[in-house]
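Student: Quick one, structure for this:
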Amino acid sequence: MKKHIEQMAVMCVLTILLLLGCDKIGSSPKKILSKYLDASLHGRHEEAYQYISAKDKAVKNLQEYLSENLKEESPFAQALASKISYKIKEVTITGNNAKASVEVITPDFGVIFEDILGVAFKSVFGEKKDEKEIEKILAEKYKEKDIPVATTMQIFDLINGPEGWKIFFDWETKKKIDEAMSQAKQLEKEKEIYAAKDKYQEVLELNSKMVEATEKIKELNKEIKSFKEKQTYIKNVVLYDLKAKYYKTYLEDRVPGVKFKLKNKGNRILKEVEVTIYFKDANGTIIAEKIYYPVLVTEYSFGNDNKPLKPNYIWQLEQEKFYKADSIPSEWKEGAISAKITNIEFAE
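Tutor: The predicted structure is shown next:
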């Protein structure tokens, strides 16, 4: 009899566990999304994290998630947060994937910003109030009246796995996009425009709707076209009479410097010519470089470099002048240099 009771008890426990498991696995994507949104909007971020997919958790752990979401909020911010609401409009399930459209009602920050400016303006020209006092005034104001709201639609993805339906943010792909965007922007800074374009293209392969990457590719295509045009023309700009030595000035007895001439043999006017000089040691190894702009027509430039280099015109420094080569290493062998025209800009 006792053994029979024990067996029944075990069966009951197993049944309860099974039912609990079925309930967990059987929860609909709409129910899971509702739980996530409710926890997230009410600041229960640790609970909200439990409704996120294992794939996402592998990319961002709980502490990282909490550090992004747990922030000290002012009374005004809390008043605004309490007015956020949502309504799950539609959930479409396709196999183990689901897509939900959610109507999110948030404070209309355009209208609220005008109120903030108004209170701040009164503070400037009336009784002085610090930031916390201004926030308190606004918090009290919106307790007494309805906060203006704006409605937006957001799409959430969910996936069904061993733990049931979970929110899927695809943080792994977003991380790859962020890394590729960062690399692309760095390549742009370094003037590696072809490599930068390839990186932005990589971003679009991950997310074809990435507007910033699309716009950047358009910009780089224009740069590439311009670059090819410049490279074709640059052979018409001749650099000659290149000299480098230590000069003597009124203030210094030994100053490294360079001189050269330029001739525009093409048919276009140049408003900028960039020349890079490479300094070498006794073994002929390049140990330093300096960039000069002998032709640079801008509203801020003056003197000889404010004149464009017209077709068949020659540019040169005045007789006694030279370009100083500051900070050139002492290992430089006097006279050991090479030069290259590294960029031009057309006047029209």
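
Student: Assign the closest residue to Ile337 other than its chain neighbours to helix, strand or coil.
Tutor: Nearest residue to Ile337, sequence neighbours excluded (C-beta to C-beta, 6 or more residues apart in numbering): Ala244, at 4.4 Å. Heads up, the C-betas are built off the backbone N, CA and C, glycines and all. Secondary structure, DSSP: H, G, I helix; E, B strand; the rest coil: Ala244 is strand.

Student: ok, now which ones touch Ala244?
Tutor: Listed by C-beta atoms under 8 Å, 6 or more residues apart in numbering, the contact partners of Ala244 are Pro256, Gly257, Val258, Lys259, Ile277, Phe279, Ala325, Glu334, Gly335, Ala336, Ile337.

Student: how does it look with 7 Å?
Tutor: By C-beta atoms under 7 Å, 6 or more residues apart in numbering, the contact list for Ala244 reads Val258, Gly335, Ile337.

Student: show me what contacts Val295?
Tutor: Counting by C-beta under 7 Å, 6+ apart, the residues that Val295 touches are Leu270, Glu272, Val273, Asp305, Pro308, Leu309, Trp315.

Student: quick one: secondary structure of the nearest residue to it once chain neighbours are set aside?
Tutor: Excluding the flanking residues, the one nearest Val295 by C-beta to C-beta, 6+ apart is Val273, at 4.0 Å. Three-state call for Val273 (three-state DSSP): strand.

Student: going forward can the numbers begin at 250, since that is how I track them
Tutor: Okay, residue one is now 250; in that scheme the one you just asked about reads as Val522.

Student: Tell me how far Val522 lies from Glu569.
Tutor: Between Val522 and Glu569 the distance is 22 Å, computed by C-beta to C-beta, to the nearest Å.

Student: The two - which one has more neighbours?
Tutor: Val522 (24 against 7; other C-beta atoms under 10 Å).

Student: That one touches Val546, doesn't it?
Tutor: No. When contacts are counted by C-beta atoms under 7 Å, Val522 is not listed as touching Val546 (10.1 Å).

Student: that older thread, ok, and the most crowded of the contacts of Ala493?
Tutor: Going by other C-beta under 10 Å, Ile586 tops the contacts of Ala493 with 24 neighbours.

Student: Run through the bridge partners of that one.
Tutor: Beta bridges link Ile586 to Phe528, judged by DSSP bridges.

Student: distance of it from Ile526?
Tutor: 6 Å.

Student: likewise Glu583?
Tutor: With C-beta to C-beta as the criterion, Glu583 and Ile526 are 14 Å apart.

Student: more neighbours, those two?
Tutor: Counted by other C-beta under 10 Å, Glu583 and Ile526 do not tie: Ile526 has more neighbours, with 21 against 10.

Student: Can you tell me the element the more buried one falls in?
Tutor: Element membership of Ile526, judged by DSSP states H and E, is strand 519-529.

Student: which other helices and strands contact that strand?
Tutor: strand 504-513, strand 535-545, strand 586-595 (3 or more C-beta pairs under 7 Å, 6 or more residues apart in numbering; DSSP states H and E).

Student: Dump the ones you listed to JSON lines, plus mean pLDDT and distance to Glu437.
Tutor: JSON lines is the format used below for the helices and strands packed on strand 519-529 (pLDDT from 0 to 100; distance: least, C-beta to C-beta, whole Å):
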{"stretch": "strand 504-513", "mean pLDDT": "96", "distance to Glu437": "28"}
{"stretch": "strand 535-545", "mean pLDDT": "96", "distance to Glu437": "19"}
{"stretch": "strand 586-595", "mean pLDDT": "95", "distance to Glu437": "15"}
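
Student: Let's have those in JSON lines, adding distance to Gly292.
Tutor: Formatted as JSON lines, those follow (distance: least, C-beta to C-beta, whole Å):
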{"stretch": "strand 504-513", "distance to Gly292": "64"}
{"stretch": "strand 535-545", "distance to Gly292": "54"}
{"stretch": "strand 586-595", "distance to Gly292": "54"}
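
Student: Please work out which of those is packed deepest.
Tutor: Highest mean neighbour count among the helices and strands packed on strand 519-529 (mean count of other C-beta atoms under 10 Å): strand 504-513, with a mean of 19.

Student: Point out the other helices and strands that that strand packs with.
Tutor: strand 486-496, strand 519-529, strand 563-565, strand 572-573.

Student: rerun that using 8 Å as the cut-off
Tutor: strand 486-496, strand 519-529, strand 535-545, strand 563-565, strand 572-573, strand 586-595 (3 or more C-beta pairs under 8 Å, 6 or more residues apart in numbering; DSSP states H and E).

Student: Output the last one as CSV, nothing but the C-alphas.
Tutor: Translated: strand 586-595. Output in CSV follows, covering the C-alpha atoms of strand 586-595 (Å, rounded to 0.1, in the frame of the first residue of the first chain):
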residue,chain,number,x,y,z
ILE,A,586,64.7,62.2,-51.6
SER,A,587,62.0,61.2,-54.1
ALA,A,588,58.7,63.0,-54.8
LYS,A,589,55.2,62.2,-56.0
ILE,A,590,52.1,64.2,-56.9
THR,A,591,49.6,62.5,-54.7
ASN,A,592,46.4,64.6,-55.4
ILE,A,593,45.0,67.3,-57.6
GLU,A,594,41.7,69.2,-57.7
PHE,A,595,40.2,70.8,-60.8
